[in-house]
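Q: Predicted coordinates and the sequence they were generated for:
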Amino acid sequence: MKKSKHEFSRIINSMPSSGIREFFDLVLSMDDVVSLGVGEPDFSTPWHICESAISKLEKGFTSYTSNKGMLELRCNISQKIFEDSGVKYDPEEEILITVGVSEGMDIVFRAILNPGDKVAVIKPSYVSYSPCVIMAGGEAIELECREENNFKLDPEDLEKACKQGIKALLFNYPCNPTGVSYTKDELGEIVRIVKEYDILVLSDEIYDSLTYDFEHTPLISFPDMKERVIYLNGFSKGYAMTGWRIGYIAAPKEIVGLANKIHQYTILCAPIMGQFAAIEALKNGQPEVQEMKKEYKRRRNYVVNKLNEMELTTFMPQGAFYTYSQIKKTNMDSNVFAKKLLMKKNVAVVPGTAFSEKGKDYIRISYASSFDNIKEAMSRMKVFLEEL
Ligand SMILES: Cc1ncc(COP(=O)(O)O)c(C=O)c1O
């Protein structure tokens with residue numbers, strides 16, 4: 001296509017496109033692919049949640065809501081956060097309903113950053129993190145969480161970044177793509193540094209309900225952290241509600257106020273249908289969350305075992321629904337590995353380079369796929385490796 005005579009946004013022009021788009025275009029063009037690539041639950045939203053939204057639709061509730069979201073939902077979220085963390089958030093001023101955690105993250109960065117502000121971003125991590133910082137005019141300082149540390153953030157790396165003058169840390173646990181999570185003690189060390197250097201933390205805890213081996217400890221539950229943490233959570237993963245697009249921010253009033261300014265001019269409000277569904281999810285959705293979690297855990301144990309049997313070293317993820325497996329023994333770079341596996345055996349996995357520049361030795365496998373699919377993919381992978 002002919003290049004335009006206009007100079008478009010330099011920031012956006014300089015950003016690379018998401019590394020996995022081209023790969024998944026290829027997946028879509030093929031038949032009989034077993035995909036362990038997607039980052040969303042394979043379950044449908046529990047039916048009572050859908051029904052509750054349908055009944056509101058039938059009654060004619062199809063309008064905008066308050067910019068911050070329906071007060072009833074904000075009250076229910078405030079109650080849920082209190083039950084999980086013991087911390088009280090004022091539903092009027094400290095909670096904002098967003099279009100997923102995705103919107104929450106975007107508007108928080110735009111609300112808190114000035115041009116050139118530095119934000120430490122854990123790596124490997126969700127593909128949107130560094131781009132969100134950059135789009136808000138900030139600079140992303142990437143902190144690699146290494147395999148020899150079981151993919152956990154090394155407190156020393158955080159301390160070094162603090163000394164470089166970061167304004168905030170973008171943290172996520174359980175983590176996409178590694179599945180790593182942190183015990184209360186491990187979080188304590190991070191909290192100590194956050195307080196010592198007085199930085200902010202955007203804590204993306206969207207997979208909190210999918211923590212398998214110990215209780216999830218919210219970062220806000222530590223003393224004096226409420227004033228420093230912007231807590232991001234939502235309904236997409238735990239409740240299998242990706243398409244309803246509901247997330248939320250819980251944060252100090254001043255930050256919620258600034259984020260809401262952007263939200264009201266650009267989004268207006270999160271969709272009303274999703275908000276009704278979220279109310280029902282919080283009221284009556286816990287049994288299904290527990291059932292889905294049980295099934296993910298069964299799959300996790302199976303997949304990790306199979307991958308290690310194939311000598312693709314795989315750390316036991318403590319949460320979310322991903323494994324991050326080392327493929328060094330194949331002498332292939334993760335892009336080559338993923339493409340070959342797709343072309344030869346019709347199995348899709350995501351190359352680690354989508355999540356970190358240092359991800360060439362890793363692939364992400366999502367076990368948010370049926371047990372039968374997973375079994376089939378594992379047996380195809382075994383043959384693929386034997387044929388190398
Ligand atoms: C760590 C993490 N944060 C946020 C999101 C986006 O969530 P939402 O659907 O709430 O926008 C994802 C989606 O994959 C994710 O993995």
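A: Happy to help now that I have it.

Q: Name the nearest residue to the residue of the stretch 1-150 of the chain found nearest the ligand, sequence neighbours excluded.
A: Proximity to the ligand, evaluated over the stretch 1-150 of the chain using C-beta to the nearest ligand atom, is greatest for Gly100 at 2.4 Å. Yep, even glycine has a C-beta here, placed from its N, CA and C like the rest. Distance criterion C-beta to C-beta, 6 or more residues apart in numbering; nearest residue to Gly100, sequence neighbours excluded, is Gly247 at 4.3 Å.

Q: now swap in Lys293 and tell me
A: Closest to Lys293 by C-beta to C-beta, 6+ apart is Leu210, at 5.7 Å.

Q: how many other residues sit next to that neighbour?
A: 25 (other C-beta atoms under 10 Å).

Q: Now do the contacts for it.
A: Pro174, Lys237, Gly238, Lys293, Tyr296, Gly319, Ala320, Phe321 (C-beta atoms under 8 Å, 6 or more residues apart in numbering).

Q: Lowest average confidence across helices and strands of this protein, where is it?
A: helix 21-28 (a mean of 81; mean pLDDT, DSSP states H and E).

Q: Any idea how far the helix or strand just after that one is from the middle of the chain?
A: Counting by DSSP states H and E, the next helix or strand C-terminal to helix 21-28 is strand 34-35. Averaging C-alpha positions (C-alpha atoms, centre = their mean, to the nearest Å) puts strand 34-35 21 Å from its chain's average.

Q: for strand 34-35, packing partners?
A: If you count contacts as 3 or more C-beta pairs under 8 Å, 6 or more residues apart in numbering; DSSP states H and E, strand 34-35 packs onto strand 347-348, helix 371-386.

Q: go with 6 Å
A: With contacts taken as 3 or more C-beta pairs under 6 Å, 6 or more residues apart in numbering; DSSP states H and E, strand 34-35 sits against helix 371-386.

Q: buried set for the helix it packs on?
A: By neighbour count with 16 or more other C-beta atoms under 10 Å, helix 371-386 contains the buried residues Asn373, Ile374, Glu376, Ala377, Met378, Arg380, Met381, Phe384, Leu385.

Q: and if you look at stretch 39-57?
A: Gly39, Pro41, Asp42, Phe43, Thr45, Pro46, Ile49, Cys50, Ser52, Ala53, Lys56.

Q: What is the end-to-end distance of it?
A: Taking C-alpha to C-alpha, to the nearest Å as the measure, stretch 39-57 stretches 29 Å from start to finish.

Q: cool, and stretch 193-206?
A: Per C-alpha to C-alpha, the first residue of stretch 193-206 is 23 Å away from its last.

Q: quick one: is it near the ligand?
A: Yes. Stretch 193-206 lies within reach of the ligand by C-beta under 6 Å from any ligand atom, at Asp204, Ile206.

Q: What residues of the lengthiest helix in the chain count as buried?
A: In the chain, assigned by DSSP state H, the helix with the most residues is helix 286-309. Within helix 286-309, the residues that count as buried by 16+ other C-beta under 10 Å are 288-289, 292-293, 295-297, 299-300, 303-304, 306-307.

Q: ok, those residues vs the ligand, which is closest?
A: Scanning those for proximity to the ligand, where the rule is C-beta to the nearest ligand atom, the winner is Tyr296, at 14.2 Å.

Q: does the closest one really touch Phe321, like I thought?
A: Yes. Applying C-beta atoms under 6 Å, one finds Tyr296 in contact with Phe321, separated by 5.2 Å.

Q: which parts of the stretch 51-200 of the chain sit against the ligand?
A: Gly100, Val101, Ser102, Tyr126, Asn172, Asn176.

Q: Checking the third one next. Helix, strand or coil?
A: Local secondary structure at Ser102 is given as helix here, using DSSP: H, G, I helix; E, B strand; the rest coil.

Q: now the residue lying closest to it once chain neighbours are set aside: how far from Ile206?
A: Counting by C-beta to C-beta, 6+ apart, Ser128 is the residue found nearest to Ser102 once chain neighbours are left out, at 6.4 Å. Distance from Ser128 to Ile206, counting by C-beta to C-beta, to the nearest Å: 12 Å.

Q: Contacts for the longest helix of the chain next, please.
A: 43, 46, 209-210, 212, 238, 314, 316, 321, 323, 325, 367, 374, 378 (C-beta atoms under 6 Å, 6 or more residues apart in numbering).

Q: now, which of these lie within helices?
A: Ile374, Met378.

Q: ok, so of the contacts of helix 286-309, who is nearest the ligand?
A: Phe321 (9.7 Å).

Q: quick one: low-confidence ranges for the stretch 51-200 of the chain?
A: Judged by pLDDT under 70, the stretch 51-200 of the chain has no weakly predicted residues.

Q: all strands for it, in order.
A: For the stretch 51-200 of the chain, the strands defined by DSSP state E, counting those that start in this stretch cover 95-98, 118-123, 139-144, 168-172, 200-204.

Q: tilt between the fourth one and strand 200-204?
A: Interaxial angle, strand 168-172 versus strand 200-204 (axes from the mean of the first three to the mean of the last three C-alpha atoms, to 10 degrees): 20 degrees.

Q: Please name every helix or strand in contact with strand 168-172.
A: Using 3+ C-beta pairs under 6 Å, 6+ apart, strand 168-172 sits against strand 118-123, strand 200-204.

Q: how about those, which one is nearest Ala277?
A: Of all those, it is strand 200-204 that lies closest to Ala277, at 21.3 Å by C-beta to C-beta.

Q: Val101 and Asp157, how far apart?
A: 24 Å.

Q: more neighbours, those two?
A: Taking other C-beta under 10 Å, Val101 and Asp157 do not tie; Val101 has more neighbours (25 against 18).

Q: so the more buried one touches Gly234, yeah?
A: Yes. Under the contact definition of C-beta under 6 Å, Val101 touches Gly234, with a separation of 4.7 Å.
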